[in-house]
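# Turn this into a model:
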Amino acid sequence: MPQTRSATTPPASGDPTASADSGNGDGGKEGDDAEKASPSGSGSASAPAATGPLKGKVVVIDPGHNPGNFQHTAEINRKVDIGTHAKECDTTGTTTNDGYPEAEFTLDVSRRLRTLLQQQGATVKFTQDDDRAWGPCIDERARIGNEAKADAVVSIHADGSGSGNRGFHVILPGSVDEGAADTRPIVAPSRDLGERVAGHFVRATGSAPSNYVGDGTGLVTRTDLGGLNLSTVPKVFIECGNMRDSKDASLLTSGAWRQKAARGISDGITGFLKN
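Numbers count the residues shown, from 1 in each chain. Below you'll find the predicted structure:
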C-alpha cells in the first residue's frame, strides 16, 4: 500500500508504484468454495448483530482502495486535507505480478472479517463494499469511522514493495496535532489494537512480521496517512503481505490463507474490544 503516488492508469503487473495511502487473477479465487466471502447490499450496512461477546460494539472495516478507482483518475487525484498536508484523495492500489488487484484482495478479506465479527455479535460497517464507482477519499474514510463512533477501525491493505520484501505489518497512528488532525487521544488505544492484531495475525496465518519495515516487530508508526491522522477513534492499518513478492503473493491469492488472515484480524479486534 503506502507508496504515495496517485494512479493515472489501471494497476499494471509491471508497475510497483500503483500502491496506495495507504498469485494471479485466477489464483485470487483459490479456496473460496469452502468459505466464500460475500458482499452486502450496501457499503455502510450491517446485518443485525447476533448475541455474543461483542454485542453493542461497533467495528468499521475499511477495505483499501476501490476496484473502480482506475476509471476515475481525476476524482482520486484530487487533493484533500489530512491535517499535516494535502494528499491525493485515493489511489488504485497495487497488484501481484500476475495481475491480482489489491482492491479485490482487500474486499475479500474484509467480507470474511465482517462475517467473523458479526458471529461475535458486533455491528460492522464498511467504508465501501464495491457499491460505489470510486473512493471514498481518505478523509471520508476517516469520517465514516468517526461518525459511526466506532469502537475500533481497521483498514485492510496489501503492500507493493520490492521482491524479497516479505511479511505483514500493522501501521499505527503517530502523535499529530496540526490543522484538522489531532491523534493524541487515540495513539495509546490504537497501539493496543495494533499490537493485538499483529499478535493474532502471526498465530492465525503463520506469517512472519515484515522483514523490510518495523525492525521485526510488525509495527510501524506513521503520521502521513490521512485515514489515521483524521481519525478520532482507535484505528490501525494492516498490510497483510507484499503483493510484489512471489512467495507472499502465493499466500495472498489463496482463499484459504485469506480466511486465516481474516481470522487473525478478527481475533485481534475481539481481544481489544473485550479488554
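
# so how far is residue 167 from residue 239?
To residue 167, residue 239 is 9 Å away according to CB to CB, to the nearest Å. Every residue, glycine included, has its C-beta placed from N, CA and C.

# Residue 84 against residue 224, yeah?
Yes - the pair residue 84 and residue 224 passes the contact test of CB atoms under 8 Å, sitting 6.8 Å apart.

# Counting neighbours, go ahead and name the busier of residue 239 and residue 167.
residue 239 (29 against 22; other CB atoms under 10 Å).

# Where does the more buried one sit, in terms of helix or strand?
Of the helices and strands defined by DSSP states H and E, residue 239 is found in strand 235-242.

# Starting from that strand, tell me the next helix or strand along the chain.
Strand 235-242 is succeeded, C-terminally, by helix 246-252 (DSSP H and E).

# got the CA coordinates for that next one in CSV?
Listed next in CSV are the C-alpha coordinates belonging to helix 246-252 (Å, rounded to 0.1, in the frame of the first residue of the first chain):
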residue,chain,number,x,y,z
SER,A,246,6.1,-14.2,-5.4
LYS,A,247,6.1,-16.1,-2.1
ASP,A,248,3.8,-13.6,-0.4
ALA,A,249,1.7,-13.4,-3.5
SER,A,250,1.1,-17.2,-3.4
LEU,A,251,-0.5,-16.7,0.1
LEU,A,252,-2.4,-13.5,-0.7
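
# Flag every buried residue along it.
248, 249, 250, 251, 252 (16 or more other CB atoms under 10 Å).

# Excluding residues flanking it in the chain, which one is nearest the first one?
In this case it means residue 248. Closest residue to residue 248 apart from its sequence neighbours, by CB to CB, 6 or more residues apart in numbering: residue 241 at 4.0 Å.

# Show the pLDDT at that neighbour.
According to the per-residue confidence, residue 241 scores 98 in pLDDT.

# neighbours of it, just the number please.
Residue 241 has 28 neighbours, counted by other CB under 10 Å.
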